[in-house]
Each structure stands twice: as C-alpha cells, then as structure tokens.
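Asks: here is a sequence with its predicted model. Questions after.
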Amino acid sequence: MKTIGLIGGMSWESSIEYYRIINETVREKLGGLHSAKSIMYSVEFAEIESLQHQGRWEDAAQIMITAAHSLENGGADFALICTNTMHKLYDDVQKCVHIPLLHIADATAEEIGSRSIQKVALLGTRFTMEEDFYKGRLIERYNLDVVIPDTEEMRAIHRIIYEELCTGMIKPSSRQVYIEIIDRLVGEGAEGVILGCTEIGLLVKEANSPVPLFDTTEIHAKAAVRYALAK
C-alpha cells in the first residue's frame with residue numbers, strides 16, 4: 001500500500017471527510033482492521049482565504065509548495081490537494097515535488113465519463129466557476145460541456161461556502177438556494193452537477209437533485225485509494 005499525502009485544512013470541515021472516506025474505502029476493499037497509510041499537512045485556512053481574496057496567489061502557492069515538500073519528505077508516495085479552488089496552483093506545486101499529485105478535476109471527469117454524461121453544471125467558489133483552471137481542464141481534456149450559474153447565483157454560492165460551510169454551518173435555507181440553482185441549470189440541459197467545492201457535499205445530497213451529483217470530495221478520496229492499492 002502506498003502512503004497518501006493530503007494537503008488539507010481548506011477547510012478542515014472537508015478534510016475530515018477525506019480522511020473518513022479514504023479509511024472507510026480501504027476497510028471496504030481490504031476488510032478487517034485495514035486502514036490507509038496517510039500523512040496530512042493541514043494549513044491555516046484563514047491565511048489561505050485572505051490570500052485568495054486579495055489575489056495573492058503567488059504567496060498562497062508558497063504555502064502549498066511547503067506543504068507538498070513536507071509530505072514528500074515525510075514519506076508520502078503521492079499527494080492530493082484537498083480542495084478544488086487551490087488546484088489553480090496545481091502546476092506550481094507539481095513542478096516543485098517529485099511525487100505525483102492526483103488532480104481532482106481528472107478524477108471527477110473520469111467518473112462523469114463512466115456515466116456517459118456530456119453536459120454538466122459546475123458549482124464551486126467564484127474562482128472555480130469563473131476561471132479556466134478547472135472548467136477549462138474539463139473542456140479541453142475531456143470534451144465536457146460545462147455550464148456555470150449566472151452572476152447572482154455565483155455570488156450566493158460563493159458566500160454560502162465561505163461564510164457558512166467552511167465554518168461548519170449547515171442551513172436548510174442555503175440548501176434550498178442550491179437546489180433552486182441546480183434545478184435551473186438542469187432546465188438548461190445539465191445532465192449532472194459537479195459539486196466543485198469540497199464542502200458542498202456537506203449541504204447538498206443526491207436526493208436534492210433530479211440528476212446525478214458528482215461530489216468531488218468523495219470522488220477524489222476514492223481515486224486516492226485506488227492509486228494507493230494499485231500494484
């Protein structure tokens with residue numbers, strides 16, 4: 001079994017889910033008392049959030065690179081950035097370490113492809129929805145048709161993530177906001193919905209959507225287990 005490196009803390013609410021899913025999946029596959037070999041470097045999210053909203057991505061990259069180096073030096077065989085938004089810095093981090101980083105969008109696109117779905121809606125932080133580092137990868141590498149919410153909807157999704165979900169707050173009223181956005185995007189032809197922020201799965205579940213939801217936290221964590229157990 002390979003040792004999984006996790007760059008977590010963004011937020012720790014979803015990092016807990018990574019740890020749980022990874023270990024539950026290993027136990028399901030191997031049985032008994034088996035669990036995952038893993039190392040987590042958990043960053044200080046208030047610092048990361050401030051850098052994100054100030055546009056200081058180079059400074060944020062240095063924090064991520066330090067975390068990746070620590071995992072590599074600690075014996076991790078590969079690593080995951082346990083957040084969608086910080087995959088904006090994926091290339092910066094990957095080129096500074098020798099161990100592979102499993103990209104969350106790649107794992108998600110492969111899962112979507114296995115369901116023969118072509119048109120997907122993408123929910124996430126404003127950075128993930130507006131910029132091309134994520135949806136561009138889905139379009140260019142996997143030929144997916146990606147639709148995003150309108151400006152007002154993006155503002156609401158982004159606010160709920162940072163002001164509520166990242167602080168452990170789960171509000172039925174916010175779930176309803178997401179459900180209404182999902183319903184509208186499905187009405188525009190979306191065949192599935194990417195929960196492209198690792199906290200959204202804490203709020204929205206499969207039962208809340210008329211089409212399949214792709215929870216990137218679960219997908220990424222299970223991809224890590226497959227990689228760790230592969231011979």
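Replies: Nice, thanks for sending it over. Residues are numbered from 1 along each chain as shown.
Asks: any low-confidence regions in the chain?
Replies: Low-confidence regions of the chain, defined by pLDDT under 70, are absent; no residue qualifies.
Asks: domains of it?
Replies: Here the domain parsing of the chain from automatic domain parsing is 4-103+219-229, 105-215.
Asks: helix or strand for Phe214, just tell me which one.
Replies: If you go by DSSP states H and E, Phe214 is part of strand 213-215.
Asks: can you list the strands that that strand pairs with?
Replies: Using DSSP bridges, the strands paired with strand 213-215 are strand 192-195 (parallel).
Asks: how about the strands in this protein?
Replies: For the chain, the strands defined by DSSP state E cover 4-8, 38-42, 78-81, 119-123, 145-147, 192-195, 213-215.
Asks: can you redo those as a markdown table with mean neighbour count and distance to Arg226?
Replies: (C-beta placed from N, C-alpha, C; glycine too.) Conversion of these to a markdown table gives the following (neighbours: other CB atoms under 10 Å; distance: least, CB to CB, whole Å):
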| stretch | mean neighbour count | distance to Arg226 |
| --- | --- | --- |
| strand 4-8 | 26 | 11 |
| strand 38-42 | 19 | 14 |
| strand 78-81 | 24 | 11 |
| strand 119-123 | 24 | 22 |
| strand 145-147 | 16 | 24 |
| strand 192-195 | 26 | 19 |
| strand 213-215 | 23 | 16 |
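Asks: now distance to Glu17 too, for these, in TSV please.
Replies: As requested, these are exported to TSV (distance: least, CB to CB, whole Å):
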stretch	distance to Glu17
strand 4-8	10
strand 38-42	12
strand 78-81	12
strand 119-123	17
strand 145-147	24
strand 192-195	12
strand 213-215	9
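Asks: which among those strands is found nearest to His69?
Replies: For His69, the closest of the strands of the chain is strand 38-42, at 9.2 Å, according to CB to CB.
Asks: for that closest one, packing partners?
Replies: In terms of contacts (3 or more CB pairs under 8 Å, 6 or more residues apart in numbering; DSSP states H and E), strand 38-42 is packed against strand 4-8, helix 12-30, helix 57-74.
Asks: tilt between the longest one and strand 38-42?
Replies: Helix 12-30 and strand 38-42 are oriented at 170 degrees to each other (axes from the mean of the first three to the mean of the last three CA atoms, to 10 degrees).
Asks: then helix 12-30 to CSV, C-alphas only?
Replies: The C-alpha atoms that make up helix 12-30 are tabulated as CSV, following Å, rounded to 0.1, in the frame of the first residue of the first chain:
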residue,chain,number,x,y,z
TRP,A,12,-10.8,21.3,7.8
GLU,A,13,-14.5,20.5,7.6
SER,A,14,-14.0,18.8,4.3
SER,A,15,-10.5,17.4,5.2
ILE,A,16,-12.3,15.3,7.9
GLU,A,17,-14.4,13.9,5.1
TYR,A,18,-11.3,13.0,3.0
TYR,A,19,-9.9,11.1,6.0
ARG,A,20,-13.1,9.3,6.7
ILE,A,21,-13.8,8.3,3.1
ILE,A,22,-10.3,7.1,2.4
ASN,A,23,-10.2,4.9,5.5
GLU,A,24,-13.7,3.6,5.1
THR,A,25,-12.9,2.7,1.5
VAL,A,26,-9.7,0.9,2.4
ARG,A,27,-11.6,-1.1,5.0
GLU,A,28,-14.3,-2.0,2.5
LYS,A,29,-11.7,-3.2,0.0
LEU,A,30,-9.3,-5.0,2.3
